[in-house]
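Enquirer: here's a sequence, model it:
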Amino acid sequence: MSKTLVIAEKPSVAQDIVRALTPVAGRFDKHEDHFENERYIVTSAVGHLVEIQAPEEFDVKRGKWSFAHLPVLPPYFDLKPVDKTKGRLNAVVKLARRKDVTELVNACDAGREGELIFRLIEQYAGGAKGTLSKPVRRLWLQSMTPQAIRDGFQNLKSEQQMQGLADAARSRSEADWLVGINGTRAMTAFNSRDGGFFLTTVGRVQTPTLSLVVEREEKIRKFVARDYWEIHAAFDVEAGQYPGKWFNPHWKKNPDDPEARADRLWSREQAQAIADAVRGRPARVSEEAKPVTQASPLLFDLTSLQREANGRFGFSAKTTLALAQSLYERHKALTYPRTDSRALPEDYLPVARNTVAMLATSGMAHLAPYAQQALEADYVRPTKKVFDNAKVSDHFAIIPTTQAPSGLSEAEQKLYDLVVRRFLAVFFPSAEYQVTTRISRVGEHAFKTEGRVLVKPGWLAIYGKEAASEMDGSKAGDKGVDKGADKASGQPLVAVRPGEDAHTAAADARALRTKPPARYSEATLLGAMESAGKQVEDEELRSAMQEKGLGTPATRAATIEGLISEKYMLREGRELIPTAKAFQLMTLLRGLGVKELSRAELTGEWEYKLAQMERGQLPREVFMQQIKEMTENLVRKAKEYDRDSIPGDYATLASPCPDCGGVVKENYRRFACTGQPGSTGAGCGFSFTKSPAGRTFETQEAETLLRERRIGPLEGFRSKAGWPFTAEVAIVRDADSGQHKLEFDFGDDAASGDGGGEAVDFSGQESLGPCPVCGAPVFEHGSNYVCSRAVPTAQQAAPSCSFKSGKIILQQPVERAQMQKLLATGKTDLLDKFVSLRTRRPFKAFLAWDAAAGKVNFEFEPRAEGKYPARKTAGASASKTGASGPARTTAAAKKVAKPTAKKAAPAKAPRKPSTAAGKTPSAELAAVIGPEPVARTEAMKKTWDYIKAHNLQDPQDKRTIVADDRLRAVFGKDRAGMFELAGILGKHLGGAA
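Expert: So this is what the prediction gives:
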C-alpha cells in the first residue's frame, strides 16, 4: 500500500501532527525515528540537516584567503550533511527512498527557511538526479492547534504554488554564501597582506546592519553640545495658576539646523531679557479646545513584538523569538511568530471571535473582563485595519490561539500577556481626549500651555495606568495629535473667564544643552533594520517599507547576536556599542567604495527583490546574476586598491612617541609616529599595529598601552592557526635596534616575564604568600603571579627561582584570593571555567602545587562511585594526584576482557604498566594536548598531531620544530629538535592521576 511521508522541521511538531491526525487517520506506531500507520509516515528534521558548499573543483582549500583564488563563483552548489545531525539525515533519507512512499508532504515551518530545509533534504535524497521524482505537497500551518493541523492537511498546497518561495529560499542561501565567503576572504586577504592573519567577516545582511550602528556612533562622537535657553512662566487667574512656555509663533523649520525649535533661544542675554520683560505684567489669554482620538496600535509582527518586549522588559530580540516560538510550538498558545504581517486574513473573523470568547472564560482575571466586554459590545467586527488580505504575506499577525495555555514561565507569561492585550486592544474603540491649547501673550511675547484630559479610555483601559505615550501607536503619528506640542500633563487646566487677563507671577530663563542622538538599543535597531535605516515613525508607512528592510523578522535577532559574537558590537545594558573592529571594517569598506555593504538602504533592495521572487515577479536567474556582479565588484575593489592607506577619520593619541617624543597618530593599519608637533616629516619610524593577532585595539586601549608601555591581560587574540589566546601586550625596547616595538607577554618565559631585563620594583605591593619553591614572597607581575626571586630586582640582578603561574589559565581567571589559597594550602578551590584547547569543552579542576614536577598542575575531582564504577582489571596501577586526587586505572587496564570463547586462549602475562602512564600534564602542556592525564607515549602522539596540524616543522629541516606561542611555553625556547621532544615532555608530566 502506498504511503505519504510527512517531514516536519522539529520532532515536537511531528508529534503534534501525529496527535492531530490520529482521530482521522488511525493510530500510529512509534519507531525510533518516525511514526507510521497505514496512510502516513511522519518524521522530522532537527533544523537544517544539509547545507550548501562549492563543488570541490571550484573551491580552493589551500591558499583560499589569497586574492589569487577569488572570487569563488561556482556554477552550481553541492550539498553536504551537517556534521552534528548526520544520523537524523540518514534516517529521513532512508524513509524518503522507500518504495512504498509515493508522495512527500513538506511540513517544515511555514516560511522561507522551512522551505529551504525541506528542499535541500529532498535534493540530497535524490542523489545524482537531484530529485526523488515523487510528488510533493506543502502543509502550511499558521497555528499549531490540532484542528488547524487537520485543516492544513485538507488544504495542502501544490509544489508549483510554492515554487516562488523555494526560489527565494535557495537564492537567499546562495547569495549569503557568495557574499559571505568572497567578502570575508577578500577583506581578510586585504587586512592580512602585510603579515599575520586578521579574520574580517562580512555578510550580506550583518555588515549593512553594523553600518547603521557605526554611523550612529559617529554622529554621537562628532556631536558638539550647544547651550540653549527656555523661558518658563507661571500665570495667575481668578481660578488659580497655570504654567506656560515661551515660543516664537513665526518660527519655521531650518533644514540646516535640525536642533532649532520654536521654544529655544541661543542667547542667555536674550532669554533673560524676555523673562525680565514679562515678569509681573498682565497677559491676554486665548485658547482653543478640541477633541482628538487615538486609535489602538496594529497587531504584532515579530519585529514590533521584539521591539516592544525589549522596551518594556529588556528582553533581547533572540530571547523574545525563543519565547514566542515556545508559546507557538510547545504551548500552542500563539500563532506562528516568524511573521512580517500585522493584519489577519479576511476570513479569520470567526476565529478571532472564538479566541476572544476563550479569553473571556480564561483564568486571566486582569484581562478576561475586557474580552467579555468586547463580546457583549460586539467590538470584533470586519475592519480593514485588522482583516485585510492585501496586508498578509506568508503568515498573518501574531495573535493568541483558541487554546488557553498553562504552565507558562514568568517570561512566557509576560510575552503572552503582551500579545493578548494588543489583540484585544485592536478591536476596542479609540481613546478620546479633550486637548486645550492656551496662548498667553505678554506684550509681543507668546507663551503656550497645553492640557490633555482623557475623556473616554477606549482601548487604553486594557493597559490600566500605563500612559498612552508608552504605546507605539501614540508614537506613530496618530491623527489629530499635534506631534510638535509638549507632552500632555493629563490634568485639566484651571479655567479662565472670557475676557479675563492673567498676571505673570513668575518668569525664569532655564539653561539647557542639546543632546546627541541616542545609541541604538535592540528595539530601535530592529526598527532601523526593518526600514533599512530610514527613520520612519508612522507605523503604516513603516509597514509598507519593510519589504526593503535588512533581513527578515525571523533572521534579525540572529544577525544582531552574530555581530555581538564576532566582537563587532558590545551589549552594555540596553545599548549596542560598536567596537574598534567595527569602525575599522566600515573605514575599509568606505575606502574601497563597497557601497553595497556600507550603506544599509542599498542592501535593503536585495530583500525587496527576494520578496518579489516569492510572488513570482522576479526570475531567480536575474537576482543571482546581480549577486554575482556585486560579489565580483567587491573582490575587484579590494584586489585593485593601490593607495598606501585607507582614508578615514582617525584619532591622534595624547601620549608621545617613546623613541622621539613625537605625535602618534592612527592610520588604517597602525598607530605611527608622525614627528614633532607641526613638523611635516614622516616621523622617526616608531609604530605598532592596530590589530595584533586579529584583535583590534580600542583607541583608549592604544592610549593606555602607549602611556603605560603595557596593557592587559586582554582576551580575543587568535594565533595564525585560529586558536584563541589571552596575553598582555607590551611596548619594549629592542636590544638590537634600540627602538621600541610591540610584543606579547604570555608570562611563560624569562624574556617576557622579567620586563625585558629591567629591574622590577615590588615595594608598593602586598605579598600573596610564600613561594612554594624557595619561600620568598610571591607578587603580581604583568599577567602572572611570580616569585620575587624569579625576576630581576634591585636586590638581585639575575633570577634565581622559577616559580611563575598565569593569572588566566585556559580562559579561567585565577583570582588573587585563589592564588593566596594555593600558596597557603597547596590547592585552590574547584574552578569551573577552564576550556580545553583540544576539545573546546569547559571543564572543572583544582590548581595544585606539584612539588615533584616543580609546577602548578591540574587536579581533578574524585569520581563519584555508583553509576559508572571503575572496572577492576589486573595490572592496574593507581596513585594520588596532588594532595587528594582520585585513584585511576591506566589506559591499558581499562580494556575489558572479551566474552569467553569456545576454546580458551593461553593466559598471557600482564603487561607491565608504563611508569609514565596516567601522568597529569602541566598547565603549559595542557594548553597543547588538553588537561586529561596521559601516558608519555600518548603525550608525544598528541604533541606531534598538534605540530603537524599547525605546520610547525621547519621547511628546511623537518627534524626541527618551530615553536608557536603555546609550544614556546613548553619548550622554554623558540626551536627544539624532534629528539629533544621526549625529554622536554617528561618535565611537563607530573604525578600519576
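Enquirer: and stretch 965-973, how far out from the chain middle?
Expert: Relative to the chain's own centre, stretch 965-973 is displaced by 35 Å; criterion: CA atoms, centre = their mean, to the nearest Å.
Enquirer: buried set for that stretch?
Expert: 965, 966, 967, 968, 969, 970, 971 (16 or more other CB atoms under 10 Å). No exception for glycine: its C-beta is placed from N, CA and C like everyone else's.
Enquirer: same thing with stretch 159-174?
Expert: Within stretch 159-174, the residues that qualify as buried are 162, 164, 165, 166, 167, 168, 169, 170, 171, 172, 173, 174, counting by 16+ other CB under 10 Å.
Enquirer: the longest helix anywhere in the chain: what's the following helix or strand?
Expert: Criterion DSSP state H: the longest helix present in the chain is helix 163-192. Going down the chain from helix 163-192, the next helix or strand is helix 206-222, by DSSP states H and E.
Enquirer: other SSEs contacting that next one?
Expert: Using 3 or more CB pairs under 8 Å, 6 or more residues apart in numbering; DSSP states H and E, the elements in contact with helix 206-222 are helix 522-530, helix 553-565, strand 575-578, helix 580-592, helix 595-598, helix 600-614.
Enquirer: least trustworthy helix or strand in this protein by mean pLDDT?
Expert: When each helix and strand of the chain is scored by mean pLDDT, DSSP states H and E, helix 750-753 comes last, with a mean of 37.
Enquirer: show the average pLDDT along the following helix or strand past that helix.
Expert: Under the assignment DSSP H and E, the closest C-terminal helix or strand after helix 750-753 is strand 769-770. In this model, strand 769-770 has a mean pLDDT of 92.
Enquirer: who does strand 769-770 pair up with?
Expert: Looking at strand 769-770 with DSSP bridges, its partner strands are strand 777-781 (antiparallel).
Enquirer: who's in contact with whatever helix or strand comes next after the strand it pairs with?
Expert: Using DSSP H and E, the next helix or strand after strand 777-781 towards the C-terminus is strand 784-787. Contact partners of strand 784-787, identified using CB atoms under 8 Å, 6 or more residues apart in numbering, comprise 747, 753, 768, 771, 773-774, 776-780, 801-807, 814, 819.
Enquirer: let me know the pLDDT of the nearest residue to residue 158 once chain neighbours are set aside.
Expert: Spatially, and ignoring its direct neighbours in sequence, residue 158 is nearest to residue 137 (6.3 Å; CB to CB, 6 or more residues apart in numbering). pLDDT recorded at residue 137 is 96.
Enquirer: tell me which element residue 137 is part of?
Expert: strand 136-138.
Enquirer: what residues sit buried inside the next helix or strand after that strand?
Expert: Next helix or strand after strand 136-138 toward the C-terminus (DSSP H and E): helix 146-154. By 16+ other CB under 10 Å, the buried positions in helix 146-154 come out as 146, 148, 149, 152, 153.
Enquirer: distance of residue 582 from residue 918?
Expert: Per CB to CB, to the nearest Å, residue 582 is found 48 Å from residue 918.
Enquirer: same question, residue 818
Expert: 26 Å.
Enquirer: more neighbours: those two, which one.
Expert: For residue 818 versus residue 918, neighbours defined as other CB atoms under 10 Å are more numerous around residue 918 (26 against 19).
Enquirer: that one and residue 933 touch, don't they?
Expert: Yes. The pair residue 918 / residue 933 is scored as a contact, 4.6 Å apart, by CB atoms under 8 Å.
Enquirer: OK, contacts around residue 939?
Expert: 919, 921, 925, 929, 985, 989.
Enquirer: who touches the closest residue in space to the fourth one that isn't next to it in sequence in this structure?
Expert: Excluding the flanking residues, the one nearest residue 929 by CB to CB, 6+ apart is residue 942, at 3.9 Å. Contact analysis of residue 942 by CB under 8 Å, 6+ apart lists 838, 928, 929, 930, 934.
Enquirer: try residue 6
Expert: Neighbours of residue 6 in contact, by CB under 8 Å, 6+ apart: 14, 17, 40, 41, 42, 43, 104, 105, 107, 139.
Enquirer: which stretches in the stretch 701-850 of the chain count as strands?
Expert: Along the stretch 701-850 of the chain, counting by DSSP state E, counting those that start in this stretch, strands occupy 710-718, 724-733, 740-745, 769-770, 777-781, 784-787, 804-806, 808-809, 812-813, 831-835, 842-850.
Enquirer: quick check, central residue of this structure?
Expert: Taking CA atoms, centre = their mean, the centroid of the chain lies closest to residue 561, which sits 1.5 Å from it.
Enquirer: just checking, that residue touches residue 322?
Expert: No. Using CB under 8 Å, residue 561 is not in contact with residue 322; the gap is 11.1 Å.
Enquirer: any regions of the stretch 301-450 of the chain where pLDDT drops low?
Expert: 394 (pLDDT under 70).
Enquirer: and the stretch 451-600 of the chain, by the same measure?
Expert: Where the stretch 451-600 of the chain drops to pLDDT under 70, the residues are 465-491, 533-547.
Enquirer: contact partners for residue 397?
Expert: 298, 299, 300, 301, 335, 339, 341, 342, 343, 344.
Enquirer: please repeat the previous calculation with a cut-off of 7 Å.
Expert: 299, 300, 301, 339, 341, 342, 343, 344 (CB atoms under 7 Å, 6 or more residues apart in numbering).
Enquirer: distance-wise, check it relative to residue 154.
Expert: 23 Å.
Enquirer: try residue 342
Expert: Using CB to CB, we find residue 342 at a distance of 27 Å from residue 154.
Enquirer: who's in contact with the residue nearest to the centre of the chain?
Expert: residue 318 are the contacts of residue 561 under CB under 7 Å, 6+ apart.
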